[in-house]
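> Sequence and predicted structure are below.
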Amino acid sequence: MDGGSGPGPEPVTAAGPSPAPELAPEADPDVEPLPRGRFRCRLCQVAAANRPSLAEHLRGKKHQRLRSLRAERRAQEQRSLFVSGFARGTAAEELAAYFGAFGEVVAVVMDKEKVDTQMEQLVGLLELSEGERRLRHLLVTLFQEVFSEFFPGCTVLPFGSSVNGFDAHGCDLDLLLDLEPTKSLQTSARGAPGARSSGDPGAEESILSDIDLASASPPEVLELVVAVLRRCVPGVRRVRAVPTARRPVVKFSHKQSGLAGDISIDNRLALHNTQFLRLCGEADKRVRPLVYAVRLWAKQQGLAGNPAGGGPLLTNYALTLLVLFFLQTRSPPVLPTVARLRELAGDEDRMVVAGWDCSFPQDAALLEPSANSESPSSLLAEFFRVFGDFDFSEQLVSLREGRVLPLPEAGEPFKLGSLNLQDPFELSHNVAANVNEKTASRLGRCCRDAAKYCRSLQYCRKSTKGRGWGLVRLFKPGAVEPGAGAGSFLISITVAAAQPPSQLCEEPGGHGFKEICAAIAFVLRDVLQCSCVPGKPLKQVGASGAEHSLPQDTVLGDEPLGDAAGLEEEPLQPPVGSKRPQSDRMDGTALPGAKRPRVNGPEEEVVASWSCAVWHRVWMGRRRLRRQLLHGASPEEPDGVSLELEQKVSEAIVQHEGAARPPEPLLRFEASAQLAGGTQRELRVLLRLAPTPAPGPLFRDFFHFLQAFLPLAVQQHLGWGPGAAPQS
Ligand code: UTP
């Protein structure tokens with residue numbers, strides 16, 4: 001709330017009409033001296049090479065504007081009052097009326113709404129700017145001009161994210177080169193008497209003179225397009241035909257703009273599904289924020305995207321359809337089904353393309369407004385809840401019907417897969433046919449983790465400590481997995497506890513935390529050939545107060561406790577206080593050296609930590625190598641093979657890559673393990689990986705491999721895997 005009293009003090013220097021006393025520029029509290037006489041302005045985050053340029057910067061418009069903005073914000077802060085604890089549903093007007101008794105209330109800002117604000121801001125942050133749109137338009141015009149010279153009558157039509165309402169900075173430029181008019185022109189020109197020798201410029205000067213477009217095969221047409229692009233479109237680079245794609249395309253990039261694009265020669269349906277997506281985005285104002293949020297989340301989780309050459313991830317198109325389906329299935333629905341849209345279509349909207357009915361109204365204003373009143377942020381939470389518990393492989397997601405249907409019979413053209421998502425118009429097309437079982441199950445798991453996070457206070461409430469909250473934390477890679485902090489990735493390892501938890505760390509035969517940590521280090525170092533250097537040595541204090549020595553490659557230290565329940569109030573805290581000798585377990589028994597997972601507040605935890613480096617792509621091609629090493633015997637998953645074999649597989653990969661260590665590792669990460677609870681029979685340890693620098697696709701690939709491999713290998717090493725003998 002903004003109470004509207006006088007402005008508060010500006011602690012730095014006043015920015016007002018009266019000139020501030022001349023200070024030596026380096027005496028400005030915003031200025032930080034740098035080596036070699038350079039300076040940095042902390043406020044504007046710019047460096048100045050010397051004192052005169054620093055002085056110039058401090059007098060400059062940008063610095064002055066930021067200073068007065070800061071002064072304004074600080075003054076606002078002084079006049080604002082944070083109020084909490086009032087009943088859900090209290091109107092802003094009621095608060096204004098109540099606090100009006102103490103002074104003028106200028107504005108009431110409801111925190112609850114800020115989450116939704118984050119979602120709207122997300123759209124603003126990601127969508128194309130006007131300049132970017134203009135640039136795309138200019139490129140389309142350029143392509144149109146050039147292609148028209150060679151293919152008279154042709155049209156270049158954009159589709160996909162540039163024009164479907166779900167655009168994002170740097171998204172592809174998908175184009176359809178419609179050659180149907182050219183084919184007709186060519187046919188009629190050829191049919192005309194003497195046409196070939198008449199000097200008709202459209203036919204003679206074009207590269208078409210010797211080619212009959214109507215009878216040319218798609219690869220031949222693509223080669224023509226490649227030739228035109230390479231020779232005649234300025235700035236176009238990396239042109240190549242992909243004739244084997246489901247919809248053959250020519251790929252290109254544009255040097256000056258950095259844009260990548262595809263040109264299709266046969267994809268009229270895409271024009272209509274693009275129009276359909278656009279209609280959905282315009283039909284309800286919650287659609288775009290939700291789609292943007294889900295797309296960014298899925299990208300950060302490595303679940304969706306359009307990698308070159310395909311891959312097992314959801315395409316952005318498939319992911320968008322999944323969100324639209326979800327909105328069709330709310331009660332009451334946010335969006336109409338495609339069948340309902342067909343009913344609403346007027347005569348002018350009737351359209352059949354390639355045998356598929358693509359009739360729907362072109363104008364969103366003709367649609368009935370939704371009676372659904374859920375907020376975008378609660379819809380996002382519901383999206384995760386619904387798909388966290390969804391059987392993707394056993395039912396057909398139908399946007400046409402707005403409900404799930406039984407799977408089509410085998411033998412029908414629809415390609416069944418781990419995720420069955422029917423195109424809204426081309427009903428025989430599974431838009432998620434490329435998604436493999438692993439990605440589908442990871443989608444479910446990530447949705448469950450995200451749904452759990454959405455139930456936490458952090459999702460709903462602004463952090464009082466200035467930490468990431470709401471969507472911000474949801475979009476950190478891997479951060480919503482239980483226990484992960486910003487930018488870290490979690491692996492949960494469960495192993496048998498041979499002793500009651502109270503004795504776990506003291507009895508030699510059971511698998512206590514120490515043994516599990518030693519097994520983790522063994523798998524990383526000896527099985528996967530990673531470097532694995534223990535962190536700073538510390539000693540663990542047990543229940544009795546006695547110090548326990550730790551395995552050689554394990555170091556225990558105080559570390560923040562993660563969000564094992566996904567419900568903590570703040571993200572991981574910096575270490576506070578000292579180790580506590582004992583803590584309560586969830587079942588009430590004492591567990592030396594570890595604490596029960598935090599639910600509502602920060603606690604410290606004893607952890608083991610390592611600095612790790614990965615030198616070879618030890619996660620790639622393991623299945624094939626296993627098969628070869630077993631001389632053709634059917635390969636089993638890691639839980640059924642020995643660690644000895646896994647060691648040999650890693651060695652083979654290392655040999656194949658040249659045996660010698662490369663000068664730099666492929667990946668570096670800090671790993672820390674912590675006890676996350678468990679039962680009398682099982683212990684759960686969370687291993688957190690924090691990659692440096694920020695994780696890229698390579699780290700994600702490694703992580704997804706390790707997530708499946710490590711728990712089984714650790715169990716195996718401890719003698720708890722199927723048919724395994726203890727190895728330590
Ligand atoms: P994308 O998956 O590239 O979606 O498909 P996008 O929204 O353009 O996302 P970006 O470009 O990766 O950000 C592009 C278009 O291709 C058609 C759709 O029209 C989609 O909008 N398409 C894609 C299909 O018709 N069927 C498919 O299975 C996939």
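It's in. Numbers count the residues shown, from 1 in each chain.

> Kindly report the residues of the stretch 501-650 of the chain close to the ligand.
In this structure, the stretch 501-650 of the chain does not approach the ligand anywhere, judged by Cβ under 6 Å from any ligand atom. The C-beta positions use only the backbone N, C-alpha and C, and glycine is treated the same way.

> actually the chain, not the one I wrote
So the chain meets the ligand at 159-161, 164, 166, 168, 171-172, 174, 269-270, 273-274, 306, 315-317, 431 (Cβ under 6 Å from any ligand atom).

> Show me those residues that map onto helices.
Leu269, Ala270, Asn273, Thr274, Asn316, Tyr317 (DSSP state H).

> now, the most widely separated pair of the residues you listed?
By the measure Cβ to Cβ, Leu269 and Asn316 form the most distant pair in those, at 16.7 Å.

> Which one of the residues in the stretch 551-700 of the chain is closest to the ligand?
Pro697 (15.1 Å; Cβ to the nearest ligand atom).

> Now for the residue nearest to that residue when sequence neighbours are not counted: which residues touch it?
Once flanking residues are discounted, Pro697 sits nearest to Gly302: 7.3 Å by Cβ to Cβ, 6 or more residues apart in numbering. Neighbouring residues of Gly302 by Cβ atoms under 8 Å, 6 or more residues apart in numbering: Leu313, Pro477, Pro697, Arg700, His704.

> Can you classify the residue nearest to Asp357 when sequence neighbours are not counted by secondary structure?
Spatially, and ignoring its direct neighbours in sequence, Asp357 is nearest to Arg342 (6.5 Å; Cβ to Cβ, 6+ apart). Of the three states, Arg342 takes helix under DSSP: H, G, I helix; E, B strand; the rest coil.

> Trp356 is in contact with Arg342, correct?
No. With contact defined as Cβ atoms under 8 Å, Arg342 does not count as touching Trp356 (11.4 Å).

> quick one, strands of the stretch 551-700 of the chain?
Listed in chain order, the strands of the stretch 551-700 of the chain (DSSP state E, counting those that start in this stretch) span residues 556-560, 582-584, 590-592, 604-614, 667-678, 682-691.

> Listing partners with orientation, what would you give for the longest one?
The partner list of strand 667-678 in its sheet, established with DSSP bridges, is strand 604-614 (antiparallel), strand 682-691 (antiparallel).

> Tell me the gap between that strand and the middle of its chain.
In terms of Cα atoms, centre = their mean, to the nearest Å, the centre of strand 667-678 is found 22 Å from the chain centre.

> And the average pLDDT for that strand is what?
What strand 667-678 shows for mean pLDDT is 82.

> and if you look at stretch 701-720?
On average, stretch 701-720 scores 87.

> Same question for stretch 435-443.
Mean predicted confidence for stretch 435-443 is 92.

> And for the closest residue to the ligand within the stretch 451-600 of the chain, the neighbour number?
Proximity of the stretch 451-600 of the chain to the ligand (Cβ to the nearest ligand atom) peaks at Phe475, 16.5 Å away. Neighbourhood size, Phe475 [other Cβ atoms under 10 Å]: 18.

> Val294 too?
Considering only other Cβ under 10 Å, Val294 is surrounded by 24 other residues.
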